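Visitor: Test case, fold it:
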Amino acid sequence: MGQSFNFEYLRREMRSEAISTPLDTHDAVFLGNAVDQVGRAKYSAEWDGGRLEGEPAEQASQRLREVNLAVARALGAGELACLVRLVEGQAGGPLGALKPQTLSIEEWIEALGSFQTEQRDVRPWVPVSQRRRIRQPHWLFVTRTSLVAFLKQISLPTVGEETRAITELAGLLRAAPYMTKQAARGALSRFDLSLNGFDKRVWPEARKEANLPARALAGRKPKRAEH
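Guide: The predicted structure follows:
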């Protein structure tokens, strides 16, 4: 389903091939920069577009997938309004609109691997007879207004969602104090929690609320907890 987002890696690869990513404009944000902002909104200062120091590789990959999926769904739903510019076009040139339904969710995720998509020439300021007939690679952007609205949307509910999850998990831990972290994560599957949010806030805070140590004691748990 496409590459996981790693903007710094992509920029290094493009520099090695003498390819420059486009700059933001007054009204539009390059999709790579937009994804970076979404990651920071979901993970605060801990987001760096890649793996955190000492972090298990799988946890880093999961975080990147979560951000990609959130952005892809927003693009597909039109919450993030997409704009495009020909890769070979004039730098800083006009942008054309790309309809949300143009790509499937899987295709949006695929596009996040390079922040490009191959589309027919959609430049409305160019006469139809002069537009390129063969599909051309386009850089992807989002409108600044849609990005600002989306960032507010994903930032504000997070606190409430985590608070509700903490309350529910605390109740579960009071009834089953030896519940494993994995079992707790599964019990909260209906909540929209990031791995980082669960590990750093929900799990330790719920344990404190249940009058348990913030970190579970090492050692084999009783069999009743292994479910």
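
Visitor: buried set for the lengthiest helix in the chain?
Guide: Criterion DSSP state H: the longest helix present in the chain is helix 144-175. Residues of helix 144-175 classed as buried by neighbour count (16 or more other C-beta atoms under 10 Å): 144, 146-147, 150-151, 154, 158, 161-162, 165-166, 168-170, 172-173. The C-beta positions use only the backbone N, C-alpha and C, and glycine is treated the same way.

Visitor: Counting by contacts, list what it packs against.
Guide: strand 28-30, helix 31-43, helix 181-187, helix 203-209 (3 or more C-beta pairs under 8 Å, 6 or more residues apart in numbering; DSSP states H and E).

Visitor: circling back: lowest-confidence member of the buried residues of helix 144-175, which is it?
Guide: Of all these, Thr158 has the smallest pLDDT value, namely 67.

Visitor: count of neighbours near Cys190?
Guide: No Cys there; residue 190 is Arg. 9 (other C-beta atoms under 10 Å).

Visitor: The residue nearest to the spatial centre of the chain: which element?
Guide: For the chain, Val67 is the residue whose C-alpha lies nearest the centre (C-alpha atoms, centre = their mean; 1.2 Å). Using DSSP states H and E, Val67 falls within helix 57-77.

Visitor: Show me what that helix packs onto, helices and strands only.
Guide: By 3+ C-beta pairs under 8 Å, 6+ apart, helix 57-77 packs against helix 31-43, helix 105-111, helix 195-197.

Visitor: could you dump those helices to JSON lines with mean neighbour count and distance to Leu98?
Guide: Shown next, in JSON lines, are the helices and strands packed on helix 57-77 (neighbours: other C-beta atoms under 10 Å; distance: least, C-beta to C-beta, whole Å):
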{"stretch": "helix 31-43", "mean neighbour count": "22", "distance to Leu98": "11"}
{"stretch": "helix 105-111", "mean neighbour count": "19", "distance to Leu98": "10"}
{"stretch": "helix 195-197", "mean neighbour count": "20", "distance to Leu98": "31"}
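
Visitor: gap between Gly96 and Asp121?
Guide: 8 Å (C-beta to C-beta, to the nearest Å).

Visitor: Show me the shaky parts of the protein.
Guide: 1-19, 44-55, 57, 59-60, 89-92, 122-125, 130-134, 155-159, 217-227 (pLDDT under 70).
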